[in-house]
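# What shape does this take:
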Amino acid sequence: MTDVVQLFVAGVSIGAIYAMAAIGFVLLWQTSNTINFAQGEFVVVPAFAMVLFSVVWKLPFAAAFIATVLVSTLLLGLLVKEVLVNRLLKMGVLPLVIATIGLSLFIRYSLQQFWTPLALPFPAIFSREPIRLGTIVLSREELMNVLFAGVVIGLLHLFITRTKIGWAMQAVAQNRNLASVLGIRVSRLVTLTFMLNAALTAVAAVLIAPIYLVKYDIGVAIGLKAFYAAIIGGFNQIRGALLGGLSSHFRDAFALVILIAVLLLKPEGLWGEREEWA
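Reported below is the predicted structural model:
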């Protein structure tokens, strides 16, 4: 039982971080029918930015964190949407998928060539002193990761369900054409969604970097597992991404078995809703 509890906490910790990246997939799909295959690199870039601000320039953690989120939001959110997505979105999903794959390769190998191919240490954000509950030994870092990720996801849920902008995002997710007729500025909401996704991946980067270290190619595994999570939970439900995130932390082979089973038995995802295609 002790091992089960410890493994469960560790799994929830890393799964919650994958879930944040998976939620980004879901948000982008709901508002713009976009699949961003550079999502893993959207985690890597802010991780390198955090190293620059915190380790190289030695800014205080709070200042480095805010700067990282701002850089990610503007560079990976606003700039990518305005320069890349606006030009390709009208051509359909496939050209944009190919473009995001190209973007992921560009970011990955640019970091390798122009920064370093080596893994960079990342300072621990939370204390690594264990918490002992009888025979159970829990990682304080893992518990704090779960708490921090839970707060971020909870605030996002409140934003989407309790604000006018969130209601507009839900309307666009339900029916883009009708939302436009009702006066909702769809393009502006899509831009906001890309910026929101970039901010989420920045937070995920700061939480996951002390675990994986910072290396140019860690985005491959992170992006794939977040994609698994979005599919397993349901590409049209944010709460499904949470469930999928907890499933995707398993060994790759087991996660793929879950993914294949979901695609065969419930292709809309465990918590997703079936969509009717014209």
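
# Need the three-state assignment for residue 128.
coil (DSSP: H, G, I helix; E, B strand; the rest coil).

# Can you report how many residues lie near it?
For residue 128, the neighbour count with other Cβ atoms under 10 Å is 12. To be clear about C-beta, it is placed using only N, CA and C from the backbone, and glycine gets the same treatment.

# May I ask you to confirm that it is in contact with residue 140?
Yes: contact status for residue 128 versus residue 140: in contact at 6.5 Å, counting by Cβ atoms under 8 Å.

# For residue 11, see how far away the closest residue to residue 61 other than its chain neighbours is.
Leaving aside its chain neighbours, residue 61 sits nearest to residue 54 (6.4 Å; criterion: Cβ to Cβ, 6 or more residues apart in numbering). Residue 54 is 28 Å from residue 11, where distance means Cβ to Cβ, to the nearest Å.

# again, but for residue 148
16 Å.

# Between these two, tell me which one has more neighbours.
Shown here are residue 148 and residue 11; by other Cβ under 10 Å, residue 148 has more neighbours (18 against 15).

# what's in contact with whichever strand or helix holds the more buried one?
Using DSSP states H and E, residue 148 sits in helix 140-162. Contact with helix 140-162 is made by 9-10, 12-14, 16-17, 19-20, 23, 124-131, 165-166, 169-170, 196, 200, 203-204, 207, 210, 238, 242, as judged by Cβ atoms under 8 Å, 6 or more residues apart in numbering.

# That helix: which residues count as buried?
Residues of helix 140-162 classed as buried: 141, 142, 144, 145, 146, 148, 149, 152, 153, 156, 160 (neighbour count, 16 or more other Cβ atoms under 10 Å).

# again with stretch 131-141
Judged by neighbour count using 16+ other Cβ under 10 Å, the buried positions of stretch 131-141 are 138, 139, 141.

# to the chain's geometric centre, what's the distance from the helix or strand harbouring residue 17?
Secondary structure from DSSP H and E places residue 17 in helix 2-32. Distance of helix 2-32 from the chain centroid (Cα atoms, centre = their mean, to the nearest Å) equals 9 Å.

# For stretch 10-21, list the C-alpha coordinates in CSV.
Only the C-alpha atoms of stretch 10-21 are listed here, as CSV (Å, rounded to 0.1, in the frame of the first residue of the first chain):
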residue,chain,number,x,y,z
ALA,A,10,4.2,10.8,-8.4
GLY,A,11,1.8,9.9,-11.3
VAL,A,12,-0.7,12.6,-10.5
SER,A,13,2.2,15.1,-10.2
ILE,A,14,3.5,14.5,-13.7
GLY,A,15,0.1,13.8,-15.1
ALA,A,16,-1.2,17.2,-13.9
ILE,A,17,1.7,18.9,-15.9
TYR,A,18,0.9,16.9,-19.0
ALA,A,19,-2.8,17.9,-18.5
MET,A,20,-1.9,21.6,-18.8
ALA,A,21,-0.3,21.0,-22.2
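
# where along this protein do the helices fall?
Ranges of helices in the chain, per DSSP state H, are 2-32, 39-50, 61-72, 80, 86-88, 93-114, 140-162, 164-174, 176-181, 186-212, 218-233, 238-247, 252-265.

# For the ones you listed, state which one has the densest average packing.
Greatest average neighbour count among those goes to helix 39-50 (a mean of 27), per mean count of other Cβ atoms under 10 Å.

# what about the stretch 101-250 of the chain, any weak spots by pLDDT?
236, 240, 244, 246-250 (pLDDT under 70).

# let's go with 90 and repeat that
121-142, 146, 149-150, 153, 157, 161, 169-190, 208-213, 221, 224-250 (pLDDT under 90).

# Pretty sure residue 119 sits against residue 216.
No: the pair residue 119 / residue 216 is not scored as a contact, 9.1 Å apart, by Cβ under 8 Å.

# who has more neighbours, these two?
Taking other Cβ under 10 Å, residue 119 and residue 216 do not tie; residue 216 has more neighbours (24 against 13).
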